[in-house]
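*Asks:* turn this into a model:
(one chain, ligands or ions: 4)
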Amino acid sequence: MKNKEIATIFGRIADALEFKGEMFFRVLAYRKAARIIEELTDDIELLDQQDKLRAIPGIGEGIAKKINEYLTTGKMKKLDQAMSDISKDLLDLLNVQNLGPKTLRLAYDKLNVRNLTDLKKVIANGSLANQFRMGEKKVDNISKGIQLFEQARARIPINIALQISEQVITYLKKAPGLTDINASGSLRRMKETIGDIDILVAGKNGKKIVDYFVKLPGVIQILASGDTKGSVMIQTDEHTLQVDIRIVDKNSYGAALQYFTGSKEHNIRIRSLAKEKGLKVSEYGVYKGRKRIAGKTETGVYQALGLPCFAPELREDRGEVQAALEKRLPKLINYHDIKGDLQMHTTYSDGVNTIEQMAKAAIKLGYEYIAITDHSRTASYAGGLNEYKLKKQWDEISKVQLKLKGIKILKANEVDILVNGKLDFPDKILKQMDIVVASIHQGFKQNVTQRICDAIENPYVNIIAHPTGRLISRRAGYDIDLEKVLEHAAKYHKIMEINAYPDRLDLNDIWARKAKEMGIKLAISTDAHEINDLYWMRFGIGVARRAWLEKADVVNTLPLQKFIRLFNIED
Ligand code: DGT
Ligand code: CA
Ligand code: CA
Ligand code: ZN
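*Replies:* Ligands and ions are numbered 1, 2, ... in the order given. The predicted structure is shown next:
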């Protein structure tokens, strides 16, 4: 589907024209087109093929022609024209709040500003404030805008950060004199987004290790490099992020790991507990007066305080210390507890791999069952299945099932919850499915709470998928009363999904924990659209552990026979 791609292009054109001082109404036309296409649920390519672009409300002749041009030739002349003489760095600056295209133009013409670094420079040296009609107050506001802009760009999705940190660790393991290494910070706690990557190292001769570290491939800037600390910016295809390294003595490695894993709030709690016991905790160790009583291992640090070594995912000061003191900490779910994956797409709708390929990949992961959940017919943008195609898919599942041993392939579907609250297949079809996963993909502003509650009441629905509909990097969730939805799910004994797709992680940690407390069972599903996506399970597990979930809270930890019994599935 090319909707987003085309929306981005129109947004770009609007930005560029605005910078160039084009007439307001021309700019607006492109902005509007971008928004309409962004929110469009139909596949724009399909509409183009059916010659229906002009039927989209708000899309006129000119825009329709440009869409068609792009879809047939892969290019849009208008874009090239608009972008001539403008770099992407410069265009990005238009996203800085309080920096309008006119001011940017001024900075460009008079002060040679071409990117963010240039802009910061002319702010710092006062030359922007000295320009005609500028002044300090205006420039202050732009500075605030830059701060926001950098923060917004700063947080990295967990999957990207994890991949990078694994590469950094592999690289660092060859550093001279290194003996131990661990990721710490929010990454070790599996937060859904990561501000920067923190790596802790034990070793002799910190200076040598830091020197080796700053030569890491991909480094675009060295922020600090000393005997015990280093800090660099690295650049990947899409992200710029900071990596910090700390080198400590082997003897205080445990205390440092405890300290740099955080969270800050958890550390504050730990320190105040230590104080009550007449002890002092620092990044170097636990001290009784001048005497160091722990610090070599993390477990030792916690033990000295009479505490268990908390799983990093629990260290958020959300009651974990109190729970530990009362001996009611959960025994957290683990990755290897997972026995199946209950949401995935295949070539039948918008997935990349066949049923057989998905099943074989799942066998490799050691799963006992998977649910094939392609989209239902109303999700036309994602190639949703009608009844005829659904039956055809089930025939194919039966065939693959005969061929493959060691995995049960469940006949399922991700059924759209329609705007009227009804499901996208009639009950007589739903009844024949092994598992019914229901979710919302359209009408985000229309009565979402009630519609999900209606779906929960349908006797054939088993799981509500990605309940809030948020996309971490680009869309807040639907306007939904999640508490009411959970109450309803509890009442009707329905399962709520933790969608492990890194941009969703929906339910999130807070709500998944709440669901558990309300007695609701959860499913952790990847929503895979290709075989590699099946590995996203680990991010779902991260959320589940942050939500204090145990094996028994999650239905897809059940071995096949128990699972089949729970859902009344034919063997
Ligand atoms: P992030 O990077 O924003 O995703 O979050 P963190 O938790 O990785 O935070 P970061 O990188 O600023 O610091 C790493 C850890 O260092 C943090 O989790 C706890 C510890 N730390 C940092 N600053 C302080 C502080 O002021 N007090 C205490 N107690 N610990 C701190
Ligand atoms: Ca960090
Ligand atoms: Ca840091
Ligand atoms: Zn979905």
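*Asks:* ok, E313 to V243 distance?
*Replies:* Per Cβ to Cβ, to the nearest Å, E313 is found 21 Å from V243. Any C-beta I mention is one placed from the backbone N, CA and C, and that applies to glycine too.
*Asks:* err, N447, not the other one
*Replies:* The spacing between N447 and V243, counted by Cβ to Cβ, is 45 Å.
*Asks:* and L241, helix, strand or coil?
*Replies:* strand (DSSP: H, G, I helix; E, B strand; the rest coil).
*Asks:* same check, this time on the one 4 residues further on
*Replies:* Counting by three-state DSSP, the backbone at I245 sits in strand.
*Asks:* what are the phi and psi angles of the closest residue to D118 other than its chain neighbours?
*Replies:* Spatial nearest neighbour of D118, excluding adjacent residues (Cβ to Cβ, 6 or more residues apart in numbering): N112 at 6.8 Å. Main-chain dihedrals, N112, degrees, to the nearest 10: phi 70, psi 30.
*Asks:* and N112, how many residues sit next to it?
*Replies:* Neighbour count of N112, defined by other Cβ atoms under 10 Å: 10.
*Asks:* isn't it right up against S127?
*Replies:* No: the criterion here is Cβ atoms under 8 Å, and N112 misses it with S127 at 10.1 Å.
*Asks:* now the residue nearest to D118: how far from L128?
*Replies:* Counting by Cβ to Cβ - N112 and L128 are separated by 12 Å.
*Asks:* counting neighbours, what do you get for the closest residue to ligand 3 within the stretch 1-150 of the chain?
*Replies:* Using Cβ to the ion, the single residue of the stretch 1-150 of the chain nearest to ligand 3 is E150, 15.1 Å away. If you count neighbours by other Cβ under 10 Å, E150 ends up with 13.
*Asks:* do E18 as well
*Replies:* There are 23 residues near E18, going by other Cβ under 10 Å.
*Asks:* before we move on, what about S398?
*Replies:* 11.
*Asks:* tell me the contacts of it?
*Replies:* With contact set as Cβ atoms under 8 Å, 6 or more residues apart in numbering, S398 has no partners.
*Asks:* repeat for I463
*Replies:* With Cβ under 8 Å, 6+ apart, I463 has these contacts: 342-343, 435-438, 494-497, 523, 525.
*Asks:* can you pull the pLDDT of it?
*Replies:* pLDDT for I463: 98.
*Asks:* and for M518?
*Replies:* 98.
*Asks:* for ligand 2, see how far away it is.
*Replies:* Separation of M518 from ligand 2 (Cβ to the ion, to the nearest Å): 32 Å.
*Asks:* contact partners for that residue?
*Replies:* Contacts of M518 by Cβ under 8 Å, 6+ apart are 486-487, 490.
*Asks:* again with W394
*Replies:* Counted by Cβ under 8 Å, 6+ apart, W394 has contacts K411.
*Asks:* do the one 10 residues further on as well
*Replies:* If you count contacts by Cβ under 8 Å, 6+ apart, L404 has them with 356, 359-360, 363.
*Asks:* what number of residues lie near K4?
*Replies:* Around K4 there are 13 residues (other Cβ under 10 Å).
*Asks:* swap in A515?
*Replies:* 25.
*Asks:* would you confirm that it contacts A523?
*Replies:* No: the pair A515 / A523 is not scored as a contact, 11.0 Å apart, by Cβ under 8 Å.
*Asks:* what do those two both touch?
*Replies:* Common neighbours of A515 and A523 (Cβ under 8 Å, 6+ apart) are M496.
*Asks:* how near is the residue nearest to D118 to A129?
*Replies:* From N112 to A129 the distance is 16 Å (Cβ to Cβ).
*Asks:* how about Q450, secondary structure?
*Replies:* Applying three-state DSSP: Q450 is helix.
*Asks:* show the contacting residues for the residue nearest to it when sequence neighbours are not counted.
*Replies:* Computed as Cβ to Cβ, 6+ apart, the closest residue to Q450 that is not its neighbour in sequence is G421, at 6.2 Å. G421 makes contact with 447, 450-451, 454-455, according to Cβ under 8 Å, 6+ apart.
*Asks:* and the strands in the stretch 351-500 of the chain?
*Replies:* 369-372, 408-416, 435-439, 463-464, 495-499 (DSSP state E, counting those that start in this stretch).
*Asks:* distance to S398 for those strands - can I get that in JSON lines?
*Replies:* Output for the strands of the stretch 351-500 of the chain, formatted as JSON lines (distance: least, Cβ to Cβ, whole Å):
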{"stretch": "strand 369-372", "distance to S398": "12"}
{"stretch": "strand 408-416", "distance to S398": "9"}
{"stretch": "strand 435-439", "distance to S398": "16"}
{"stretch": "strand 463-464", "distance to S398": "23"}
{"stretch": "strand 495-499", "distance to S398": "25"}
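*Asks:* for A29, which of the ones you listed is the nearest?
*Replies:* strand 408-416 (32.4 Å; Cβ to Cβ).
*Asks:* in the closest one, what's buried?
*Replies:* For strand 408-416, a neighbour-count test (16 or more other Cβ atoms under 10 Å) marks 408-416 as buried.
*Asks:* same check, this time on stretch 439-457
*Replies:* 439-441, 443-444, 447-449, 451-456.
*Asks:* and the two most separated of the residues you listed?
*Replies:* F444 and I456 (18.3 Å).
*Asks:* may I have the phi/psi pair for I156?
*Replies:* phi -110, psi 140.
*Asks:* is it bridged to anything, and to what?
*Replies:* I194 (DSSP bridges).
*Asks:* so it versus ligand 2, what's the distance?
*Replies:* Counting by Cβ to the ion, the gap from I156 to ligand 2 is 10 Å.
*Asks:* spit out the contact partners of that residue.
*Replies:* Here I156 is in contact with 193-195, 239, 241 (Cβ under 8 Å, 6+ apart).
*Asks:* including neighbour count, could those go into CSV?
*Replies:* Converted to CSV, the contacts of I156 look like this (neighbours: other Cβ atoms under 10 Å):
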residue, neighbour count
T193, 16
I194, 26
G195, 16
H239, 15
L241, 22
